[in-house]
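Visitor: Here is a sequence with its predicted model. Questions after.
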Protein chains: 4
Amino acid sequence: MKKTRLEAFSDGVFAIVITLLILNVRLPEVRIDGLYDGLVQMLPTVGVYMLSFLLIGMYWVFHHYAFTFISEVDGVLLWLNILFLLFISFIPFPTMMLGKYPFQTLPVVIYGANLVLVNITGFILILYLRRNKQLTSSVFTDKLYRSQMQMYLGVNGFYLGCIALAFYAPRISVYLLGIMTFYLIIRSIVMMGIGKCNLRTRFDETPGID
Amino acid sequence: MKKTRLEAFSDGVFAIVITLLILNVRLPEVRIDGLYDGLVQMLPTVGVYMLSFLLIGMYWVFHHYAFTFISEVDGVLLWLNILFLLFISFIPFPTMMLGKYPFQTLPVVIYGANLVLVNITGFILILYLRRNKQLTSSVFTDKLYRSQMQMYLGVNGFYLGCIALAFYAPRISVYLLGIMTFYLIIRSIVMMGIGKCNLRTRFDETPGID
Amino acid sequence: MKKTRLEAFSDGVFAIVITLLILNVRLPEVRIDGLYDGLVQMLPTVGVYMLSFLLIGMYWVFHHYAFTFISEVDGVLLWLNILFLLFISFIPFPTMMLGKYPFQTLPVVIYGANLVLVNITGFILILYLRRNKQLTSSVFTDKLYRSQMQMYLGVNGFYLGCIALAFYAPRISVYLLGIMTFYLIIRSIVMMGIGKCNLRTRFDETPGID
Amino acid sequence: MKKTRLEAFSDGVFAIVITLLILNVRLPEVRIDGLYDGLVQMLPTVGVYMLSFLLIGMYWVFHHYAFTFISEVDGVLLWLNILFLLFISFIPFPTMMLGKYPFQTLPVVIYGANLVLVNITGFILILYLRRNKQLTSSVFTDKLYRSQMQMYLGVNGFYLGCIALAFYAPRISVYLLGIMTFYLIIRSIVMMGIGKCNLRTRFDETPGID
């Protein structure tokens, strides 16, 4: 399995999942008089749609970044990647649930658990690379490994906190998930460089972050 | 992030959105005797389906054209592009609404607002390129910048006019949106050149329009 | 617009349409006792699903073949191609109708009309190439042009005949559409060559058929 | 038809089918109080979703492997491949059925029959390659041919056994299908090599297994 082919397949799955999300944003069955109220009631669904769209976009950027660490794909990396895509492809389901029952404990817990599963798979992938240096590229330095570990543990700890919080204050938990997504996007923008400032350290060459 | 990979991902999203549209063209639940009448009532849905298909096709052509301005992708361009795809991916929702409640004010307003959001994102992208010349290719001249600005302001002004008109004459507003789409398609055909006449100034080399 | 990019976009649309078809093969709402009878009633839906899958596959093969005629893409070819994809993307709708109301006149007429629209767009594309030789490759000879014209006129005449027949014997009309698809597949296999026999005249080099 | 283009089209179909599966994992229509019970009742649907996701992933890996045997694509290989994709694209339907009526005879039989049809198409493809050596690459040795035949006959025999067992113990039959999938995944991991151990005999060069 060539690395480029696995990347192309993964990109396809990302593009499809991110686009399918809109199919679960469904119009309520109302007459035209009730459409305005129906749409107001749909606002949480639209908000969660946007959250998941940006999250999946962010995972796509991350996936691309993680593949710069890899020089060879073996059977384990291939199937860890398919498992990663399984959890990414599942996101539309909790997204629909969170939109339909906004700010309720159970949907927030399942949404958060889905993100944790995606991250755990990524975490195992990084650990596996650490133990199999012959599969890694020169980008994958000790420093990068440590910063990646820190990020995974940090983000996953945050998600677990959100899940726990959902039992007491699900609304705040949802807002925190949104803030984390926003933070991760800003972080990825800074890492890739912003035009004028630091074009020289742009994404494809970035050795890590700390 | 290589420019080509971002383009391939964007092309994937465009191809999926444009094809998903048909899933919202649903058969009414009628017996075979009522099928003819049911289909006649569906004509607005089919018309809006075609409008959105051609519009998304037009945005795809435009997206391809805009990427000829770019030589390097930084974090901001990457996320502006993802935001652009978010609004493109949303189009099936107002499309379904406009087909279900044809020629009503609210659906026309939301459909128009969606197009305005797509265009504003593109407008910001052009502004950002203007301020970060090191990311642009030689195609992105001052002349091109001005013609792009004019086009965005013109088209978005037109869309805002359609939204305002929708409160008084939603039917005419829909027809105007259709005429604008038709105009933009004709314009893109002329820009790319028509076989016999002007093959030498075809799309990929076109420095702009005025 | 590079020819390869237009081909890749078209391939994406073909792959999506052909795969989406299954979403309209829906399970009836029955208890497990009634599942067998429910599935038996679904047999026409499954049959039409297969017919449309093979037809779209056949159009994909044809589309690839037609692109070997082209050396340059201008604005007209680009938009004729998008129009072609519009009619291809529409096929799931009459497919669903024909499966739900099997062997009824109206669904057969609309299914046939959709195929006629696909073919007319292809026909116009060939005519346009004929008039703009500078866009064609060396494959597009006079002989190829004539054989293509004959094929289009023949197949479209056949489809128009099926539509007319649908008013008297819709069941036979459906079977004839199936036979035509089968014939076109066999024909494309022979044209591309069958392993042992004529590898030398395989598809990519085939100058035409007569 | 270039081999690479057929592969890219097939990859697209695989990526779409595997991602579409989630659209059939639908939320029950319940109030928030009943959501927990509703989700518990959905567990078989989620389990079957994962089974089909991994199975299609496994077929994708297999498809890639099979294409290393091929050097030239003729008309028969092209259409065998489209037939293969037809049966792959059908998998969401029995998946939905098996999730809705878990551990019932009829859904298990149809699910198993679908897998048998996929495998028979692959089997015929290998037989056709055997008879048309001019289409094969140097990877396709006599030894590889025999090991592929053994695998097809073994796996298909197992599936037929599962179908027969479904009439007596459908629950065990489903578990056996899951175990077989798990075995095939492990086998593909070992074949492709596991990082440290045997990088030298990784997938793309593997001459077969016995």
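Guide: Sure thing, it's come through. Numbers count the residues shown, from 1 in each chain, chains lettered A, B, ... in the order given.

Visitor: For chain A, which segments count as helices?
Guide: A:3-20, A:35-67, A:75-90, A:92-100, A:105-131, A:142-165, A:170-192 (DSSP state H).

Visitor: is the shortest one anywhere near chain D?
Guide: The one in question is helix A:92-100. Yes. Legend: contact between helix A:92-100 and chain D by CB under 8 Å from any CB of the partner chain is shown at A:92, A:93, A:96, A:97, A:100. For the C-beta atoms, the positions are set from N, CA and C on the backbone; glycine is no exception.

Visitor: The first one too?
Guide: Yes. Helix A:3-20 lies within reach of chain D by CB under 8 Å from any CB, at A:5, A:8, A:9, A:12, A:13, A:16, A:17, A:20.

Visitor: Just the buried ones out of those residues, please.
Guide: Buried members of the residues of helix A:3-20 next to chain D, scored by 16 or more other CB atoms under 10 Å in any protein chain shown, are A:8, A:9, A:12, A:13, A:16, A:17, A:20.

Visitor: any chance of these in CSV, plus pLDDT and distance to chain B?
Guide: Shown next, in CSV, are those (pLDDT from 0 to 100; distance: CB to the nearest CB, whole Å):
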residue, pLDDT, distance to chain B
A:8, 92, 8
A:9, 94, 11
A:12, 95, 6
A:13, 96, 10
A:16, 96, 6
A:17, 96, 10
A:20, 95, 8
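
Visitor: From these, pick the one nearest residue B:76.
Guide: Of all those, residue A:17 has the smallest distance to residue B:76: 24.1 Å, by CB to CB.

Visitor: what's the spacing between that closest one and chain C?
Guide: 13 Å (CB to the nearest CB, to the nearest Å).

Visitor: Who are the contact partners of that residue?
Guide: A:56, A:88, A:89, A:91, A:92, D:19, D:22 (CB atoms under 8 Å, 6 or more residues apart in numbering or on different chains).

Visitor: Can you verify my assumption that the third one contacts residue D:20?
Guide: It refers to residue A:89. No. Counting by CB atoms under 8 Å, residue A:89 sits too far from residue D:20 to count as a contact (9.2 Å).

Visitor: Contact residues of chain A facing chain D?
Guide: So far as CB under 8 Å from any CB goes, chain A lies against chain D at A:1-2, A:5, A:8-9, A:12-13, A:16-17, A:20, A:23, A:72, A:74-79, A:82, A:85-86, A:89-90, A:92-93, A:96-97, A:100-101, A:104, A:106-107, A:110, A:128, A:131-132, A:134-135.

Visitor: Among those, name the buried ones.
Guide: Among the residues of chain A next to chain D, the ones that count as buried by 16+ other CB under 10 Å are A:1, A:8-9, A:12-13, A:16-17, A:20, A:23, A:72, A:74-79, A:82, A:85-86, A:89-90, A:92-93, A:96-97, A:100-101, A:104, A:106-107, A:110, A:128, A:132, A:135.

Visitor: re the thing from before, which one of the contacts of residue A:17 sits in the busiest neighbourhood?
Guide: Neighbour tally across the contacts of residue A:17 (other CB atoms under 10 Å in any protein chain shown): the maximum, 26 neighbours, falls on residue D:19.

Visitor: does that residue really touch residue A:90, like I thought?
Guide: No. With contacts counted by CB under 8 Å, residue D:19 stays clear of residue A:90, the gap being 10.2 Å.

Visitor: OK, contacts around the residue most central in space within chain A?
Guide: For chain A, the residue nearest the mean C-alpha position is residue A:59 (3.7 Å; CA atoms, centre = their mean). Residue A:59 makes contacts with A:14, A:88, A:118, as judged by CB under 8 Å, 6+ apart.

Visitor: Nearest to residue C:146 among the residues you listed?
Guide: Looking across these and measuring by CB to CB, the closest to residue C:146 is residue A:14, at 45.9 Å.

Visitor: pLDDT score assigned to the closest one?
Guide: With respect to pLDDT, residue A:14 scores 96.

Visitor: Please identify which of the contacts of residue A:17 is nearest to chain C.
Guide: Distance ranking of those against chain C, using CB to the nearest CB, places residue D:19 first at 9.3 Å.

Visitor: Run through the residues that contact the closest one.
Guide: Residues in contact with residue D:19 (CB under 8 Å, 6+ apart) are A:13, A:16, A:17, A:20, A:89.

Visitor: now do residue A:5
Guide: Taking CB under 8 Å, 6+ apart as the test, what residue A:5 contacts is D:11, D:64.
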